[in-house]
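Visitor: after the sequence you'll find the predicted model.
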Amino acid sequence: MLIQKALDLGYTQIVWIDSAVYPSQNISKFLEQVESNGLTFFENVGHTLGYWASDLLLTWFGLEREKAFQTPQTMGCLFALNFEFP
């Protein structure tokens, strides 16, 4: 809902940073990647969808649990979306 609200207000790039995230470097490279790739997500190293996803979610997306155990999970604490990316 927050992302949709930002889009409704006219924003075209959205960066989600949880309050627990503390940048230790300048984030300009991160923002450049969003500009050139349209999005940026980070792998939650050591975690897979198979471990955390519910049966309902896997069914919704047509993903078998065995395949989900081979699919890396992304972090939800830091990501960015560029809605103007072609």
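Guide: That came in fine, so what should we check first? Treat the numbers as computed from the prediction; the structure is a model and nothing was measured.

Visitor: for this protein, identify the residue most remote from the centre.
Guide: residue 66 (22.2 Å; C-alpha atoms, centre = their mean).

Visitor: right, and it touches residue 50 too?
Guide: Yes: between residue 66 and residue 50 there is a contact under C-beta atoms under 8 Å: 7.4 Å. The C-beta positions use only the backbone N, C-alpha and C, and glycine is treated the same way.

Visitor: check contacts around residue 57.
Guide: Residues near residue 57 by C-beta atoms under 8 Å, 6 or more residues apart in numbering: none.

Visitor: please apply the same query to residue 34.
Guide: Counting by C-beta under 8 Å, 6+ apart, residue 34 makes contact with 13, 15, 40, 80, 81, 82.

Visitor: out of the residues you listed, which are buried?
Guide: Neighbour-count burial (16 or more other C-beta atoms under 10 Å) is assigned, among the contacts of residue 34, to 13, 40, 80, 81, 82.

Visitor: hey, what's the last one bridged with?
Guide: Taking DSSP bridges, one obtains residue 13 as the residues bridged to residue 82.

Visitor: any idea how far it is from residue 12?
Guide: Taking C-beta to C-beta, to the nearest Å as the measure, residue 82 and residue 12 are separated by 7 Å.

Visitor: same question for the fourth one.
Guide: Using C-beta to C-beta, we find residue 81 at a distance of 9 Å from residue 12.

Visitor: over to the second one?
Guide: Summarising the geometry, the distance separating residue 40 from residue 12, computed by C-beta to C-beta, is 15 Å.

Visitor: just residue 57 next, same as before
Guide: From residue 57 to residue 12 the distance is 29 Å (C-beta to C-beta).

Visitor: now residue 58
Guide: Residue 58 is 32 Å from residue 12, by C-beta to C-beta.

Visitor: can you check residue 71 too?
Guide: Computed with C-beta to C-beta, the distance linking residue 71 and residue 12 is 29 Å.

Visitor: same check, this time on residue 26
Guide: Using C-beta to C-beta, one gets 22 Å for the distance from residue 26 to residue 12.
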